[in-house]
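In: Fold the following.
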Amino acid sequence: MVDIKFSAQVSSARNKWLNLTSSETLEAGLNILREKYRSEKNDNRRLGNLAAQTWIIRRRLELLELDNVVTIGELLGDASEKKVKQPHDNKLGSQSQTASEDMPDAGIDDTINSKFQVINISEEVMINDMRFFAGSRVEVSLEDATRLIEAGKATPNEQ
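Out: Numbering: from 1, shown residues only. Have a look, this model is predicted:
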């Protein structure tokens, strides 16, 4: 199976969504995530939600031949054991997995909002090797937001 790489924010949000539904069966967890997706306004959390839904669908396809009913938490436990066994994993992936497991499930909105800020890009800039054009609205770390606003290349987003 192809190893999909996400940005740190999307990967963290995906792991939090999966942890939020860890006590549910695959079917029930997928239904919960679909409902939450409809009401979610934050782009990174929406992408994380879609990534979590995709993860669940992939696991459902893998387990199609087996008639076992398993919870998401059981599969997450298997995934984290496989992560430890694979020596070629990059350090960032391992750190983001560990960090998300340590965070409480209920605080998904508070945790993400406290570390990031939505800004409006007023001049083309490069942020973490990604190019953003004038007129873009992005969610960046508080440090990046402060630096860009002070440089006059961005303004805080007034939602």
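In: all helices for this structure, in order.
Out: In the chain, the helices defined using DSSP state H lie at 8-20, 26-39, 43-62, 72-85, 91-102, 108-115, 142-150.
In: Among those helices, which comes closest to Ser122?
Out: With CB to CB as the measure, helix 142-150 is the member of these nearest Ser122 (9.0 Å). Backbone N, C-alpha and C define where each C-beta goes, glycine included.
In: Rounded mean pLDDT for the closest one, please.
Out: Average pLDDT, helix 142-150: 89.
In: which helices and strands sit right next to that helix?
Out: When contacts are defined as 3 or more CB pairs under 8 Å, 6 or more residues apart in numbering; DSSP states H and E, helix 142-150 packs onto strand 116-121, strand 125-127, strand 154-156.
In: Confidence-wise, which of the ones you listed is weakest overall?
Out: strand 125-127 (a mean of 83).
In: Now it: buried residues?
Out: Buried residues in strand 125-127, counted by 16 or more other CB atoms under 10 Å: 125, 127.
In: List the pairing partners of it within its sheet, with orientation.
Out: strand 130-132 (antiparallel) (DSSP bridges).
In: which ones are touching Ala28?
Out: Thr21 (CB atoms under 8 Å, 6 or more residues apart in numbering).
In: Apart from its chain neighbours, what residue comes closest to Ser22?
Out: In space, and not counting its chain neighbours, Ser22 is closest to Gly73: 3.4 Å by CB to CB, 6 or more residues apart in numbering.
In: For that neighbour, give its distance to Gly29.
Out: Using CB to CB, to the nearest Å, Gly73 is found at 9 Å from Gly29.
In: Between these two, tell me which one has more neighbours.
Out: Gly29 (25 against 15; other CB atoms under 10 Å).
In: Look at the more buried one and report its pLDDT.
Out: Predicted confidence (pLDDT) at Gly29: the value is 90.
In: Tell me the spacing between the residue lying closest to it once chain neighbours are set aside and Trp55.
Out: Nearest residue to Gly29, sequence neighbours excluded (CB to CB, 6+ apart): Thr21, at 3.8 Å. Distance, Thr21 to Trp55, by CB to CB: 11 Å.
In: Find the residues that touch each one of Gly73 and Gly29.
Out: Jointly contacting Gly73 and Gly29 under the rule CB under 8 Å, 6+ apart are Ser22.
In: Quick one: residues contacting Lys36.
Out: Contacts for Lys36 (CB under 8 Å, 6+ apart) come out as 17, 49.
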